[in-house]
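*Asks:* Quick one, structure for this:
(2 chains)
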2 protein chains.
Amino acid sequence: MLDPVGSTVGRYPLEGIKVLDFTRVLAGPYCTMILADLGAEVIKVEHPEGGDDARGFGPFQQGKSAYFMSVNRGKKSITVNLKTPEGREIIRNLVQRVDVVVENFRPGAMDRLGLGAKDLLALNGRLIYAASSGFGQTGPWAEKAAYDMIVQGAGGIMSITGQPDGPPTRVGVSIGDLTAGLFTAIGIVTALYSRRLTGQGQVVDISMLDGQVALLENAIARYAVTGEIPEPLGGRHPSITPFENFATADGWIIVAAGNDQLWARLCKAMGREDLIENPLFATNKGRTENYIALRPHLVEAMARRTTAEWMDILEAAGVPCGPINNIAEVVNHPQVRARNMIVEVDDPVAGKLPMAGNPIKLSSMPDPTSRPAAPDLGQHTVEVLTGMLGLSEQRIWELQKQGVL
Amino acid sequence: MLDPVGSTVGRYPLEGIKVLDFTRVLAGPYCTMILADLGAEVIKVEHPEGGDDARGFGPFQQGKSAYFMSVNRGKKSITVNLKTPEGREIIRNLVQRVDVVVENFRPGAMDRLGLGAKDLLALNGRLIYAASSGFGQTGPWAEKAAYDMIVQGAGGIMSITGQPDGPPTRVGVSIGDLTAGLFTAIGIVTALYSRRLTGQGQVVDISMLDGQVALLENAIARYAVTGEIPEPLGGRHPSITPFENFATADGWIIVAAGNDQLWARLCKAMGREDLIENPLFATNKGRTENYIALRPHLVEAMARRTTAEWMDILEAAGVPCGPINNIAEVVNHPQVRARNMIVEVDDPVAGKLPMAGNPIKLSSMPDPTSRPAAPDLGQHTVEVLTGMLGLSEQRIWELQKQGVL
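*Replies:* Numbering: from 1, shown residues only, chains lettered A, B, ... in the order given. Presented below is the predicted three-dimensional model:
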């Protein structure tokens, strides 16, 4: 049913959708990268002096930020100084010709520029105005500054990530930003769908903190029922046992024996049939409640062989298991490659850069192995302002000289 | 622009969309929970004996799984035994009357039942068939069993989460499942949008592993540019410094001084103006490269006061900072409450249960403070099969006796 990987056949579902993108750094750009991957024309609006802060974040390849390039592929860039009346007038004109505005400023910033949701929806009633912020557009914390790290701390995920009795641990990716980007993308596409029925635009209000709360499915349920505050469990699942990583003779292995049948198979594979008979460990509930008694048996067994040996034994026994891959192993993983999840951009200055592909595979949509590079600052100012607003190149040059563009 | 929290005014954007939901446990149910929150009618199809495995996962409230209740709120449940010809016939009839099918079986399972994407799209060309699986519908690993834990290990996130030189650490939530659920939701809503233009359904193919790769924005970029394999950094950001948690006199605090101006303010707040002048630490690049020299100064300073004292001092100085909240603090957080991110269901047996609200806030959509409870197994079998297929209650009773329903 699916076209082969690397296909360029089909059409992109968001073809024809124009997005005016005021976002910086990560949550917003990650959202608009997804929209661009789905075919939208994303026009990134940047300040003429330096643009998106992420252009200055390492690592750099030939002086260009690989971080910026990774999350801004396939977008256009125009420079507009929003502090100038002429700049704001250009934005108001563009807003009448686009479908979506996305911004991740602190709440109130766009209103103070006269470019808030109310202002822009008055200009274009079909507009979808999406705001992604640290704490949302409403509530007592709305105007506080937020970064991923602060939201990871506020949202509870750090309190349940880490080793038992160890320090709180940051999730190794910017999960606060990324999750907000995903929820914003769902909100925007949903609003686009809705607009086809109602003809009306609307406001999408996504908070990084809200997004973190929405990830706490299991932890909130545990707290609500037991009153106990969940704590970090290292590599272990809180309510399925055994479901964790163990040290082997030469590394690590993950064992996921999620039900009683798999537990019995694991015991046989370890040569510990006696454990199957132990009533303490007969059910998942028992194994979880008696974890402290159970764990030493598993630790002792798993340390006796190498990761590769255990993988062979457990796979033959039908016990779900797996390695802990590092980033090099992920990038070169045969399944990751077969799924076209490492794509390439060819930047005119930085050269070729591999990056994560698009995980949203649609049967009607192409899934090319390369993506257009991220734009240089203002690379599309002339193209967009002549094409969409009919400004002359002479006028654009004047506005650039005045610091408007 | 936004209605007040708890509003029940407006319409749900996916009203009228019918979803036939074959999913179990987490990735799929999390996706269809989002669709239900956005107004879709989600009909969960479960095996007559026991249904979704998650009904048996703790913690339990009055014998009912809080975990199951949390991710299945607002859905309907019908029982159908897919191993019987009559059961499959009922599914084929339902498929002709729904918009979306979602499943998270191992690839091939639905095909072997004659209910694969090809079969169902032949019955209903407008159908959106969404499959969420561990490794995707294609590639050499397609048919391998996957659980969140295995995907966290395979996808690289565990290799960069944890303390430096410590063991690999699981992200404290089931990020492999949850991310796949989010990407599946984006794919489905995008396909619904596309269908309004083309009249055609299509296949959405989401892999948990792909989703993990898509979260590695920064890590892949670092590896691609430097060739160095990223390692766990505890609470620290890999390329912004200082951007981490420090032990205080009585707990922890997160300090996020992401640029040179904030760095200078932090130094003043610590009474360490001398550090501002130190050329090693003058830029973010310098602070990140000379982290080992920098860290002791910060550790020493932050240990001198309590978390509350540092919060006051740093907030007054305009340095972004924050606490590390535990789950109880998150659930009772004034901003989380103000954003309606803890909603309640009132289950007829289990009673009231708080759970995470919907983070996708749309100005045209209600955001009620309570949600309908999750269904009992087969609670809506009669309603759905009489309403959608015109089966008589007598016929349904016969099919139940035969083990079909």
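*Asks:* got the residues of the stretch 301-405 of chain A near chain B?
*Replies:* Neighbours of chain B within the stretch 301-405 of chain A, by Cβ under 8 Å from any Cβ of the partner chain: A:320-331, A:333-336, A:338-339, A:341-342, A:353-364. For the C-beta atoms, the positions are set from N, CA and C on the backbone; glycine is no exception.
*Asks:* And those residues, which of them are buried?
*Replies:* Among these, those classed as buried by 16 or more other Cβ atoms under 10 Å in any protein chain shown are A:320-327, A:330-331, A:333, A:335-336, A:338-339, A:341-342, A:353-364.
*Asks:* Now, those that are in helices?
*Replies:* A:327, A:330-331, A:335-336, A:338 (DSSP state H).
*Asks:* need those residues in JSON lines with distance to B:Gly51 and pLDDT, can you?
*Replies:* Output for these, formatted as JSON lines (distance: Cβ to Cβ, whole Å; pLDDT from 0 to 100):
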{"residue": "A:Ile327", "distance to B:Gly51": "39", "pLDDT": "97"}
{"residue": "A:Val330", "distance to B:Gly51": "35", "pLDDT": "97"}
{"residue": "A:Val331", "distance to B:Gly51": "39", "pLDDT": "97"}
{"residue": "A:Gln335", "distance to B:Gly51": "31", "pLDDT": "97"}
{"residue": "A:Val336", "distance to B:Gly51": "34", "pLDDT": "97"}
{"residue": "A:Ala338", "distance to B:Gly51": "34", "pLDDT": "97"}
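*Asks:* For the stretch 101-250 of chain A, give me the ranges with low pLDDT.
*Replies:* For the stretch 101-250 of chain A, no stretch is flagged by pLDDT under 70.
*Asks:* just the helices in it please.
*Replies:* Ranges of helices within the stretch 101-250 of chain A are A:109-112, A:117-123, A:148-154, A:175-198, A:208-214, A:217-226, based on DSSP state H, counting those that start in this stretch.
*Asks:* residue contacts, the spatially most central residue of chain A?
*Replies:* Geometric centre of chain A, nearest residue: A:Leu178, 3.1 Å, by Cα atoms, centre = their mean. Counting by Cβ atoms under 8 Å, 6 or more residues apart in numbering or on different chains, A:Leu178 touches A:26-27, A:30, B:215, B:217.
*Asks:* Give me the pLDDT value at A:Phe57.
*Replies:* For A:Phe57, the pLDDT comes out at 86.
*Asks:* now swap in A:Gly6 and tell me
*Replies:* So A:Gly6 comes in at 56 (pLDDT).
*Asks:* follow-up on the earlier one: of the helices of the stretch 101-250 of chain A, which approaches B:Ala303 most closely?
*Replies:* B:Ala303 lies closest to helix A:148-154 among the helices of the stretch 101-250 of chain A, at 17.8 Å (Cβ to Cβ).
*Asks:* Not counting the closest one itself, show me its contacts.
*Replies:* Taking Cβ under 8 Å, 6+ apart as the rule, helix A:148-154 contacts A:26, A:134, A:146, A:158, A:168, A:170-171, A:174-177, A:208-209, A:212, B:235, B:237, B:243-245, B:252, B:254, B:256, B:320-325, B:330, B:333.
*Asks:* Just the buried subset of those residues, please.
*Replies:* In these, burial by neighbour count holds for A:26, A:134, A:146, A:158, A:168, A:170-171, A:174-177, A:208-209, A:212, B:235, B:237, B:243-245, B:252, B:254, B:256, B:320-325, B:330, B:333, counting by 16+ other Cβ under 10 Å.
*Asks:* In strands, which of those residues fall?
*Replies:* The strands, defined by DSSP state E, take in B:243-245, B:252, B:254, B:256, B:321-322 from the buried ones among the contacts of helix A:148-154.
*Asks:* Would you mind trimming those residues to those in range of chain A?
*Replies:* Okay, of those touching chain A (Cβ under 8 Å from any Cβ), that's B:243-245, B:252, B:254, B:256, B:321-322.
*Asks:* Leaving out chain neighbours, which residue sits closest to A:Arg106?
*Replies:* Among residues not flanking A:Arg106 along the chain, A:Glu143 sits closest, at 6.1 Å (Cβ to Cβ, 6 or more residues apart in numbering or on different chains).
*Asks:* What of A:Ala301?
*Replies:* That would be A:Met270: by Cβ to Cβ, 6+ apart, it lies 4.2 Å from A:Ala301.
*Asks:* for that neighbour, phi and psi?
*Replies:* phi -80, psi 0 (degrees, to the nearest 10).
*Asks:* residue contacts, it?
*Replies:* Residues counted as contacts of A:Met270 (Cβ under 8 Å, 6+ apart) are A:297-298, A:301-302.
*Asks:* hang on, the earlier thing: now the two most distant members of the ones in strands among the buried ones among the contacts of helix A:148-154.
*Replies:* Checked with Cβ to Cβ, those reach their widest spread between B:Phe243 and B:Trp252, with 14.3 Å between them.
*Asks:* Around A:Lys118, how many other residues sit close by?
*Replies:* A:Lys118 has 13 neighbouring residues, counting by other Cβ atoms under 10 Å in any protein chain shown.
*Asks:* Also A:Pro238?
*Replies:* By other Cβ under 10 Å, neighbour count at A:Pro238 equals 22.
*Asks:* who touches it in this structure?
*Replies:* Listed by Cβ under 8 Å, 6+ apart, the contact set of A:Pro238 reads A:218-219, A:222, A:230.
*Asks:* For those residues, give me JSON lines that also has neighbour count and distance to B:Ile186.
*Replies:* Output for the contacts of A:Pro238, formatted as JSON lines (neighbours: other Cβ atoms under 10 Å in any protein chain shown; distance: Cβ to Cβ, whole Å):
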{"residue": "A:Asn218", "neighbour count": "25", "distance to B:Ile186": "23"}
{"residue": "A:Ala219", "neighbour count": "25", "distance to B:Ile186": "24"}
{"residue": "A:Arg222", "neighbour count": "22", "distance to B:Ile186": "28"}
{"residue": "A:Pro230", "neighbour count": "22", "distance to B:Ile186": "28"}
